[in-house]
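Engineer: need coordinates for the below:
(chains A and B)
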Amino acid sequence: MTLIYGIATGLVFGFLLQKARVLRYDKQLGALRLKDMTIVKFMLSHIIVAMIGVYLLQDLGLVKLSLKGTALGANVLGGLCFGVGWGLIGYCPGTSAGALGEGRIDALAGILGMLAGASIFAHTYPWLKSTVYTWGDLGKISLPGLLGLNHWIVIAVLAVIYILTLRFIERKGL
Amino acid sequence: MQDNGKPWSPYLAGTLSGLLAVASVLIAGKYFGASTTFVRAAGLVEQGVSTELVQTPYYLKYALEMDWQFLFLVGIVIGAFLASLSDKSFKVQKVPAMWAERFGPAWAPRAAAAFIGGVAAIYGARLAGGCPSGHGLSGLSQMSISGFLSVAGFFLGGILSARMLYGGGKK
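Structural biologist: Residues are numbered from 1 along each chain as shown, chains lettered A, B, ... in the order given. Here you go, the predicted structure:
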């Protein structure tokens, strides 16, 4: 059943990504060149809705959060490494699959690269584990937890910041 | 940019996608993510070559089989395909328009850049513990500190990389 949920959810998600045109190289590079913020509009809309929805359901005891651990060195260096690669490939792991679906076959070269990269990662992991991963390992922490504030206060502030960011983008015509 | 179909507003599609993510957590207990699947897929290929290759701690952390996320990615391919058929925006394209304008229409340089970029992107995503789906959408929805740090890295690295390729300043 889990597998059926997986494919059904992916199907709708892929449909939405394609309809908003966020799968395309030109849109992804458009954002990184600060010229076309379509993907940022999509991401922030998703995040505002999901943030409120997930925390609401958590307060009702219906769902559990699944925080990824924070390790300063790994998050920052890994994030930057991903970013540099992202600028070259022009797709992220999820959108590369969708881009292939709408016929952008350059995504295939990117997918092969990602498989190679995953293999290299798996074989260098033992070394990373004893070095980068030990730098600033803070465990599973969230912003409300770090600030010691009720999560709804932080959600409200973040939602306002995100909406102001979107308004700024619209005003600049991006 | 020329677009023959009728694109949806990214605000509408993003909002629906957010609702979909909440429903997924409620019904299946699954948060969106994509990059772990590349580990599983690479592991499956290596396992096919020799089972000794996958006797390494990182592959042993994961069951090398198709799971929810693997099927989620398969679903994305099909969903994007159907969406592009529905408004006739499906197009077999070897080189994206923006790339062709800057570097010409040749296929090989684009494929090489995509391959090398793919290696760096997934290496970074696995080191960071997620990609723009796992850290971006799911991480920021949960206000995880790892999400904020990683997404800042994604965009900072990406903006630098795009500037090196396309140059800065010129608008």
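Engineer: now do the host helix or strand of B:Leu82: everything it contacts.
Structural biologist: With elements taken from DSSP states H and E, the one containing B:Leu82 is helix B:68-86. Defining contact as Cβ atoms under 8 Å, 6 or more residues apart in numbering or on different chains, one finds that helix B:68-86 is touched by A:2-19, A:23, A:94, A:97-103, B:5, B:28, B:30, B:32-34, B:36-37, B:40-41, B:89-91. Placement of C-beta: from N, CA and C, glycine included.
Engineer: again, but for stretch A:150-158
Structural biologist: A:Met51, A:Ile52, A:Tyr55, A:Ser142, A:Leu143, A:Pro144, A:Leu147, B:Met143.
Engineer: need the residue closest to the centroid of chain A.
Structural biologist: Central residue of chain A (Cα atoms, centre = their mean): A:Met43, 8.0 Å from the mean position.
Engineer: just the buried subset of the contacts of helix B:68-86, please.
Structural biologist: With neighbours counted by 16 or more other Cβ atoms under 10 Å in any protein chain shown, the contacts of helix B:68-86 contain buried members at A:5-19, A:23, A:94, A:97-103, B:5, B:28, B:30, B:32-34, B:36-37, B:40-41, B:89-90.
Engineer: residues touching the residue lying farthest from the centre of chain B, list them.
Structural biologist: The C-alpha centroid of chain B is most remote from B:Glu52, which lies 29.0 Å away (Cα atoms, centre = their mean). Shown in contact with B:Glu52 (Cβ under 8 Å, 6+ apart): no residues.
Engineer: that one should be in a helix, yeah?
Structural biologist: Yes - using DSSP: H, G, I helix; E, B strand; the rest coil, the secondary structure at B:Glu52 is a helix.
Engineer: residue contacts, A:Leu32?
Structural biologist: Listed by Cβ under 8 Å, 6+ apart, the contact set of A:Leu32 reads A:Trp86, A:Gly87, B:Phe155, B:Gly158, B:Ile159, B:Ser161, B:Ala162.
Engineer: mind listing which of those residues are in helices?
Structural biologist: In this view, the contacts of A:Leu32 that belong to helices under DSSP state H are A:Trp86, A:Gly87, B:Phe155, B:Gly158, B:Ile159, B:Ser161, B:Ala162.
Engineer: A:Lys35 is in contact with the fifth one, correct?
Structural biologist: No - look at B:Ile159 against A:Lys35 with Cβ atoms under 8 Å: they stay out of range, at 11.3 Å.
Engineer: comparing the two, which shows the higher neighbour count?
Structural biologist: B:Ile159 (18 against 14; other Cβ atoms under 10 Å in any protein chain shown).
Engineer: pLDDT score assigned to B:Asn4?
Structural biologist: B:Asn4 carries a pLDDT value of 62.
Engineer: brain fart, A:Ser130
Structural biologist: For A:Ser130, the pLDDT comes out at 94.
Engineer: report how many residues lie close to it.
Structural biologist: Residues near A:Ser130, counting by other Cβ under 10 Å: 9.
Engineer: and the strands in chain A, which stretches?
Structural biologist: Along chain A, counting by DSSP state E, strands occupy A:70-71, A:137-139.
Engineer: buried residues, the longest one. List them.
Structural biologist: The one in question is strand A:137-139. Residues of strand A:137-139 include none that count as buried (16+ other Cβ under 10 Å).
Engineer: sheet-wise, list the partners of that strand with their directions.
Structural biologist: Counting by DSSP bridges, the strands paired with strand A:137-139 are strand A:70-71 (antiparallel).
Engineer: I'd like the average pLDDT over the partner strand.
Structural biologist: On average, strand A:70-71 scores 96.
Engineer: same for the lengthiest helix in chain A, what does it pack against?
Structural biologist: Ranked by residue count under DSSP H, the longest helix found in chain A is helix A:106-130. Helix A:106-130 sits against helix A:72-89, helix A:93-101, helix B:35-49, helix B:57-61, helix B:107-128, with contacts defined as 3 or more Cβ pairs under 8 Å, 6 or more residues apart in numbering or on different chains; DSSP states H and E.
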